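Visitor: sequence? don't have it. structure:
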């Protein structure tokens, strides 16, 4: 299989959301149909689908919607839920805990962690908030492999080190700092400030 770019990976959840929205309306979908609905090029959609689909499309019919949904979910790993924990239950952490749509994408949040005594041993969206200092024992019981990091910048590396020592293998990082992790740990950085800067720049360019 050829190397998949980040741009391609970002498109598959968009395809999946569209397919889920039309599966009760259509039995089959074609690349031109998907491209038209999502504002993408037909060739781009066709190449993306060929990478993940285990079946050839039929001329003038396309592919079965449910089969293509299964193909994309399997490719992205959405067909088997991964357990995750939220580290830092401030405004952003609470938003993650309250969001009910993660299971659609193969993610199940099973716990939150914080140092605020007003939060510890409470529940948000029926998810227990644990004391951050009990991280080792709780993680070993939950068997979670993914952490969503929403802590202050000045403690992010320290908390990351503890997560790695607990056996966490993937970190979704929402803290705007560089984190050092071992080679066997996957990290995805989401810098909201950088994203906003790109949005602002593109908006200003439109006004030129």
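Guide: Cool, got the structure. From a predicted model like this one, the values you see are computed outputs, not experimental measurements.

Visitor: and the strands in this structure, which stretches?
Guide: 28-29, 63-64, 82-87, 107-114, 123-124, 127-131, 146-149, 170-173, 186-189 (DSSP state E).

Visitor: out of the ones you listed, indicate the one that is most buried.
Guide: Using mean count of other C-beta atoms under 10 Å, the stretch among the strands of the chain with the greatest mean number of neighbours is strand 146-149 (a mean of 24). The C-beta positions use only the backbone N, C-alpha and C, and glycine is treated the same way.

Visitor: which other helices and strands contact it?
Guide: strand 82-87, helix 156-165, strand 170-173 (3 or more C-beta pairs under 8 Å, 6 or more residues apart in numbering; DSSP states H and E).

Visitor: change it to 10 Å
Guide: On a contact count with 3 or more C-beta pairs under 10 Å, 6 or more residues apart in numbering; DSSP states H and E, strand 146-149 meets strand 82-87, helix 91-98, strand 107-114, helix 156-165, strand 170-173, strand 186-189.

Visitor: what strands line up against the fifth one, and which way round?
Guide: Yep, that's strand 170-173 we're talking about. Sheet pairing here is set by DSSP bridges, and for strand 170-173 it gives strand 146-149 (parallel), strand 186-189 (parallel).

Visitor: can I get the ones you listed in CSV including mean pLDDT and distance to residue 6?
Guide: Listed next are the strands paired with strand 170-173 as CSV, based on pLDDT from 0 to 100; distance: least, C-beta to C-beta, whole Å:
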stretch, mean pLDDT, distance to residue 6
strand 146-149, 97, 19
strand 186-189, 94, 10
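
Visitor: among the ones you listed, which is nearest residue 89?
Guide: Nearest to residue 89, of all the strands paired with strand 170-173, is strand 146-149, at 10.5 Å by C-beta to C-beta.

Visitor: pipe the strands paired with strand 170-173 into TSV and attach distance to residue 90 per row.
Guide: Formatted as TSV, the entries for those read as follows, by distance: least, C-beta to C-beta, whole Å:
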stretch	distance to residue 90
strand 146-149	12
strand 186-189	18
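
Visitor: follow-up on the earlier one: out of the helices and strands packed on strand 146-149, nearest to residue 202?
Guide: When those are compared by C-beta to C-beta, strand 186-189 sits nearest residue 202, at 20.5 Å.

Visitor: show residues contacting the closest one.
Guide: With contacts defined as C-beta atoms under 10 Å, 6 or more residues apart in numbering, strand 186-189 is touched by 6, 145-147, 149, 160, 168-181.
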